[in-house]
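Peer 1: Sequence unavailable; structure follows:
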């Protein structure tokens with residue numbers, strides 16, 4: 001008998017049954033042209049190219065079968081299935097059509113999200129080995145306000161605490177039997193739910209959050225399509241930024257570096273969590289886009305950042321890159337200290353940064369060195385880090 005574990009069979013279910021009326025065009029958004037191909041085609045090619053996907057099925061509006069056939073021409077897909085009157089009904093019908101296929105996992109994806117990447121698909125599938133469901137999402141980093149209406153005017157009202165808030169994306173992945181049962185129950189449960197994670201949660205399934213990507217946005221209006229065209233067509237230039245940071249060691253119970261806590265009899269002193277590696281990398285990214293340094297964006301004098309986790313600083317820098325239409329291409333971090341030993345934790349640090357930045361592991365490098373007991377790091381008084389970040393940005397005339 002083989003000792004190799006069974007590889008889960010995963011099918012991608014692409015939901016393309018909508019009419020896309022908000023686009024203000026005759027064609028549904030999933031069939032509009034983007035970079036010379038239908039929007040739907042970009043999704044199909046991304047999932048078909050992924051080695052973890054065993055098959056792809058599209059839920060369509062039967063009225064647009066000719067458009068589907070054109071978009072899917074030449075691709076070895078499962079036969080399409082007609083959707084229903086609502087998205088929830090369309091997903092259920094798609095799931096029902098897969099009952100004979102009996103996959104282990106199903107990834108449900110919106111056809112209007114053409115920039116789904118292999119790393120996000122990887123993370124979603126991996127999460128399903130431990131959880132019944134996985135929801136791709138990105139943290140909310142902007143300040144949130146609740147509007148206060150006064151006649152025809154809306155004023156800024158209460159600030160909403162954004163801690164723990166995320167913006168849901170797709171794919172949303174599930175163990176197949178569990179989500180099919182949940183959708184069958186939801187069909188008789190009342191009001192339409194906003195996404196498949198809500199359907200799963202309604203029957204008590206745990207849905208874990210998986211790191212998404214800012215570029216994995218949904219095309220819902222002409223402005224979104226224009227943004228997608230810019231991403232698809234713009235020439236890119238590559239910029240490099242450098243960062244350096246240092247923090248003093250004081251008595252404590254562990255050192256946080258690159259998001260990983262290393263047990264130790266000391267800790268790093270700082271206004272935030274003093275993650276020296278993440279601070280250096282944040283500065284490198286800010287430097288690459290000419291956006292100043294970490295102190296300008298998160299002043300040490302501001303009490304709201306006292307004890308703050310440094311992933312928030314890194315997420316802010318990443319968002320600034322995304323807002324410019326760019327992406328982070330590579331990161332290289334060097335930790336400089338005598339103790340604690342970094343080597344045993346390097347893989348965990350790289351994995352944490354890869355997760356936070358939505359990068360593959362081969363785009364993250366974490367190294368460690370000493371100063372041969374010279375200087376303040378050699379005397380064990382503190383830890384330093386230097387980082388280099390490479391960023392791709394669109395070229396503007």
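Peer 2: Looks like it came in fine. Quick caveat: nothing in here was measured; it's all calculated off a predicted structure.

Peer 1: Run through the helices of the stretch 51-200 of the chain in chain order.
Peer 2: 65-71, 87-97, 118-127, 176-186, 196-202 (DSSP state H, counting those that start in this stretch).

Peer 1: Which positions in the third one come out as buried?
Peer 2: In terms of neighbour count (16 or more other C-beta atoms under 10 Å), helix 118-127 has its buried residues at 119, 120, 121, 123, 124, 125, 127. For every residue, glycine as well, the C-beta is placed using N, CA and C.

Peer 1: now the last one
Peer 2: Counting neighbours by 16+ other C-beta under 10 Å, one finds that the buried residues in helix 196-202 are 196, 197, 198, 199, 200, 201.

Peer 1: Next one: the nearest residue to residue 214 once chain neighbours are set aside, what pLDDT does it get?
Peer 2: Of all residues not flanking residue 214 in the chain, residue 322 sits nearest, at 3.7 Å (C-beta to C-beta, 6 or more residues apart in numbering). Looking at residue 322, its pLDDT stands at 81.

Peer 1: Repeat that for the one 10 residues further on.
Peer 2: Note for residue 332: predicted pLDDT of 97.

Peer 1: give me every residue that touches residue 153.
Peer 2: By C-beta atoms under 8 Å, 6 or more residues apart in numbering, the contact set of residue 153 is empty.

Peer 1: what's next to the helix or strand containing residue 45, contact-wise?
Peer 2: Using DSSP states H and E, residue 45 maps to helix 39-48. Here helix 39-48 makes contact (C-beta under 8 Å, 6+ apart) with 12, 14, 16, 29-35, 53, 56, 58, 68, 71-72, 75-77, 107, 109, 111-118, 121, 219, 228.

Peer 1: Mind doing that once more with 6 Å?
Peer 2: Applying C-beta atoms under 6 Å, 6 or more residues apart in numbering, the contact partners of helix 39-48 are 12, 14, 16, 30, 32, 53, 56, 71, 75, 111, 114, 116.

Peer 1: Skipping its backbone neighbours, what lies nearest the third one in space?
Peer 2: Pointing back at residue 16 there. The shortest distance from residue 16 to any residue other than its chain neighbours is 3.6 Å, reached at residue 111 (C-beta to C-beta, 6+ apart).

Peer 1: Would you mark the buried spots in the biggest strand by length in the chain?
Peer 2: Ranked by number of residues, the top strand in the chain under DSSP state E is strand 236-251. Neighbour counts over strand 236-251 (16+ other C-beta under 10 Å) mark 239, 241, 243, 245, 246, 247, 249 as buried.

Peer 1: returning to that earlier point: residues near the residue nearest to residue 16, how many?
Peer 2: Neighbour count for residue 111, taken as other C-beta atoms under 10 Å: 30.

Peer 1: where's it relative to residue 35, distance?
Peer 2: Going from residue 111 to residue 35 by C-beta to C-beta, to the nearest Å gives 15 Å.

Peer 1: between the contacts of helix 39-48, which is nearest residue 331?
Peer 2: Nearest to residue 331 among the contacts of helix 39-48: residue 116, at 22.3 Å, using C-beta to C-beta.

Peer 1: Check the contact between residue 215 and residue 116; I expect there is one.
Peer 2: No: Residue 215 lies out of contact with residue 116 (C-beta atoms under 6 Å); the separation is 9.2 Å.

Peer 1: Compare these two and say which is more crowded by neighbours.
Peer 2: More neighbours surround residue 116 than the other of residue 215 and residue 116, with 27 against 19 (other C-beta under 10 Å).

Peer 1: all helices of the stretch 201-350 of the chain, in order?
Peer 2: 222-233, 276-288, 294-297, 311-323, 346-357.

Peer 1: Name the stretch among these that sits most buried.
Peer 2: Neighbour counts (mean count of other C-beta atoms under 10 Å) averaged over each of these peak at helix 276-288, with a mean of 27.
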